[in-house]
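> Here is my input, please return the structure:
(chains A, B, C and D)
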2 protein chains.
Amino acid sequence: MNRWDADQESAADTPDLAALAALLADRTRAAICMALLDGGAWTAGELAEYAAVAPSTTTEHLNLLVAGGLLAEERRGRRRYVRLAGPETAETLENLAGLAPYRRVPVRSLAEANHRRALHHARTCYDHIAGALGVAIAAAMTERGLLARDYGLVLTVSGANWLTALGISDAGPSVARRAHVRTCLDWTVRRQHLSGAVGAALYRHALEHDWIAKAVTTRILTVTATGRRAFRDRLGLPDEALYPSPVLGGPRG
Amino acid sequence: MNRWDADQESAADTPDLAALAALLADRTRAAICMALLDGGAWTAGELAEYAAVAPSTTTEHLNLLVAGGLLAEERRGRRRYVRLAGPETAETLENLAGLAPYRRVPVRSLAEANHRRALHHARTCYDHIAGALGVAIAAAMTERGLLARDYGLVLTVSGANWLTALGISDAGPSVARRAHVRTCLDWTVRRQHLSGAVGAALYRHALEHDWIAKAVTTRILTVTATGRRAFRDRLGLPDEALYPSPVLGGPRG
DNA sequence: CGGACGGTTCGGTGCTCACCGAAATGTGAT
DNA sequence: ATCACATTTCGGTGAGCACCGAACCGTCCG
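Residues are numbered from 1 along each chain as shown, chains lettered A, B, ... in the order given. This next block holds a predicted model:
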């Protein structure tokens, strides 16, 4: 009403948490985001099929997600590719997923059950390794003194040497200055796994040296014979971490 | 339909991201959560007034938020106190707020404008320091090599030593469990500040040593004379970070 | 024992939004 | 040029839900 009010300080900016959350509050959009956690770019059509909705519906969802800054898009010809906007987006999604309640979903086929089991065992999480394998790697590295608990996980000197021995030394500024390790609460196992720069570098290394192979269309990782040897020799990983569990647990398993 | 299907693997658990997000997707509920980021416990009535909705509406919202695990409640007499469920909840909310788009809100009085300015300068963010002061601390620590940038901020070796010199080395159970130098994108300044266990320890230290004082009913922090000296001596903070800006910027300032 | 107070329950109302199908647009291949 | 294909636009429909007021229920106080 007064001059002050109408003039220079009549408005202020506040983060619109509700608007952002509304983007994820829809089952279909949430499913799309979770799918994109594989770190890759999907076409609109692929996502439509994955989410089991009509292409027109998918278009609307993608428009919202892109406008909201969660997704980045790239148009190529008649295709529309989308991917997560960046690592922060991925991390926030993972955090949220860790906090979220669980929902029972029906499993309709044996193939689907196997798919889930494989996901549970080892999968990508944007740019690093998650699932039981990811958790086992973090645990083994801690146990061997490559990582230490000290205000969070940090890379020890022997950890840095271990990485160098693998040929991952480079990675930007000096090792002393950075403790490039982050952790990420795994939603399948509810335990920490390795993310951050080291997690990403390790993932790249494992892929390049044929320790693991990534399926083209899914987030599933499979450990190769070479990889089993490497993980055993270099980290002493137990067999449970190297093979998908042969026996399925019960519903509460 | 077959034995497999109907028996042990007919269902699996998946994080219900949409359900969690739906809790925050409402303006009123989001406002409630942001208010609770001060780390304190509020009564239902206080929140109703703050959010400007009927008590009955507030009850419904609180029921949902508590059931969803975001809030913890404590009934005492005829009062219902609620607070954020835990540090992870607070961290996730902050992360989300940092990612969220801005929304213009009207400011109706001079008092409200001053309140906003103070909040902008220094405030609590659950259990650590946010606002311009928080950002300046993080920036100064980075510049002095106590923190390093790498997928967010991480504590360096000299950073750990610096903390030890302050007497924050051990820092109790919260460090062991939370174990993070986390960063939180500040919503007033859109820049990183320090959260996680280290941020919390620093905040406690600053309070105990009378570097800062907290107002009882709000999230506003004021820097004491002692604090100004300490922040200057130990981190070289500039005056801009130690005093609230005397002049209000324009709407786009 | 009343009466004020904080919170809850319930029914009803209005709005938002996820969804689809059909038709339109624009790109790539023949 | 023509056809196939990926995506988009649009109108219409149905479900979900945030909100309120009024009545109700316990707790604290005089």
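
> Return the residues in contact with A:G40.
Counting by CB atoms under 8 Å, 6 or more residues apart in numbering or on different chains, A:G40 touches A:R83. Where you see a C-beta, it was placed from the backbone N, CA and C, and this is true even at glycine.

> so how far is A:E46 from it?
The gap separating A:G40 from A:E46 is 10 Å, by CB to CB, to the nearest Å.

> Mind pulling the model confidence for A:L70?
Per-residue pLDDT puts A:L70 at 97.

> tally of neighbours for it?
23 (other CB atoms under 10 Å in any protein chain shown).

> Ok, A:A197 next?
Applying other CB under 10 Å, I find that A:A197 has 22 neighbouring residues.

> Equivalent analysis for A:P106, please.
Neighbours around A:P106, by other CB under 10 Å: 9.

> per-residue confidence for it?
Looking at A:P106, its pLDDT stands at 78.

> what's the distance between the residue of chain A at minimum distance from DNA strand C and A:T224?
Relative to DNA strand C, the nearest point of chain A is A:G77 (2.5 Å; CB to the nearest atom of the strand). Look at A:G77 and A:T224: by CB to CB, they are 35 Å apart.

> go on, A:L96?
32 Å.

> One more: A:V66?
37 Å.

> Of A:L96 and A:T224, which one has the most company?
The residue with more neighbours, out of A:L96 and A:T224, is A:L96; 22 against 15, by other CB under 10 Å.

> touching chain B at all, the regular element (helix or strand) spanning A:T92?
Element membership for A:T92, per DSSP states H and E: helix A:87-99. Yes: using CB under 8 Å from any CB of the partner chain, helix A:87-99 reaches chain B at A:87-89, A:91-93, A:95-99.

> Packing partners of that helix?
helix A:27-36, strand A:182-185, helix B:17-24, helix B:87-99 (3 or more CB pairs under 8 Å, 6 or more residues apart in numbering or on different chains; DSSP states H and E).

> where does chain A dip in pLDDT?
Within chain A, the stretches with pLDDT under 70 are A:1-12, A:149-154, A:169-191, A:246-253.

> got the contact list for A:R123?
By CB under 8 Å, 6+ apart, the residues touching A:R123 are A:38, A:129-131, A:218-221.

> To clarify, my last question referred to A:I168.
So A:I168 contacts A:201-202, A:205 (CB under 8 Å, 6+ apart).

> Against A:L194, how distant is it?
Distance from A:I168 to A:L194, by CB to CB: 13 Å.

> Quick check: neighbours shared by these two?
Common contacts of A:I168 and A:L194 (CB under 8 Å, 6+ apart): A:L202.

> secondary structure class for A:L237?
coil (DSSP: H, G, I helix; E, B strand; the rest coil).

> what's the burial count for it?
Number of residues near A:L237 (other CB under 10 Å) recorded here: 20.

> A:G86 too?
For A:G86, the count of nearby residues is 14 (other CB under 10 Å).

> With adjacent residues omitted, what lies nearest to it?
Closest residue to A:G86 apart from its sequence neighbours, by CB to CB, 6 or more residues apart in numbering or on different chains: A:A72 at 7.6 Å.

> before we move on, the earlier item: want to throw the helices and strands packed on helix A:87-99 into TSV with distance to DNA strand D?
Shown next, in TSV, are these (distance: least, CB to the nearest atom of the strand, whole Å):
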stretch	distance to DNA strand D
helix A:27-36	10
strand A:182-185	26
helix B:17-24	6
helix B:87-99	17
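
> Indicate which one of these is closest to A:A230.
strand A:182-185 (22.3 Å; CB to CB).

> just checking, next helix/strand downstream of that closest one?
Next element after strand A:182-185 (DSSP H and E): strand A:192-195.

> Can you tell me which helices and strands that next one packs against?
So strand A:192-195, by 3+ CB pairs under 8 Å, 6+ apart, packs with strand A:128-130, helix A:131-143, strand A:182-185.

> Spell out which residues of the stretch 1-150 of chain A are next to DNA strand D.
Contact residues (CB under 7 Å from any atom of the strand) of the stretch 1-150 of chain A with DNA strand D: A:43-46, A:48, A:55-56, A:58-60, A:62-63, A:78-80.

> again, only using 6 Å
By CB under 6 Å from any atom of the strand, the part of the stretch 1-150 of chain A that sits against DNA strand D consists of A:43-45, A:55-56, A:59, A:62, A:78-80.

> Can you flag the buried ones in those?
A:44, A:62, A:80 (16 or more other CB atoms under 10 Å in any protein chain shown).

> I'd like these as TSV, with distance to A:W211 and secondary structure appended.
Below are those laid out as TSV (distance: CB to CB, whole Å; DSSP: H, G, I helix; E, B strand; the rest coil):
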residue	distance to A:W211	secondary structure
A:A44	33	helix
A:L62	35	helix
A:R80	34	strand
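
> For DNA strand D, what's its nearest residue on the stretch 101-250 of chain A.
As assessed by CB to the nearest atom of the strand, DNA strand D sits closest to A:R103 within the stretch 101-250 of chain A, at 13.6 Å.

> so who does that residue touch?
By CB under 8 Å, 6+ apart, the residues touching A:R103 are B:13-16, B:19.

> before we move on, what about A:T89?
Shown in contact with A:T89 (CB under 8 Å, 6+ apart): A:70, B:99.

> And the residues of helix A:87-99 next to chain B, which is closest to A:D239?
Nearest to A:D239 among these, with distances taken as CB to CB, is A:G98, at 27.1 Å.

> Would you confirm that the closest one contacts B:P15?
Yes: between A:G98 and B:P15 there is a contact at 7.4 Å, judged by CB atoms under 8 Å.

> Neighbour count for these two, which is higher?
A count of neighbours by other CB under 10 Å puts B:P15 above the other of A:G98 and B:P15, at 20 against 17.

> Quick one: the buried ones among the residues of the stretch 1-150 of chain A next to DNA strand D as JSON lines, columns for distance to A:T164 too.
What follows is these, written out as JSON lines (distance: CB to CB, whole Å):
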{"residue": "A:A44", "distance to A:T164": "43"}
{"residue": "A:L62", "distance to A:T164": "43"}
{"residue": "A:R80", "distance to A:T164": "42"}
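
> re earlier: which of the contacts of A:R103 are buried?
Judged by 16+ other CB under 10 Å, buried ones among the contacts of A:R103: B:14-16, B:19.

> residues in contact with stretch A:206-224?
Contacts of stretch A:206-224 (CB under 8 Å, 6+ apart): A:37-38, A:115, A:118-119, A:122-125, A:129, A:131, A:133, A:205, A:226-227, A:230-231, A:242-243.
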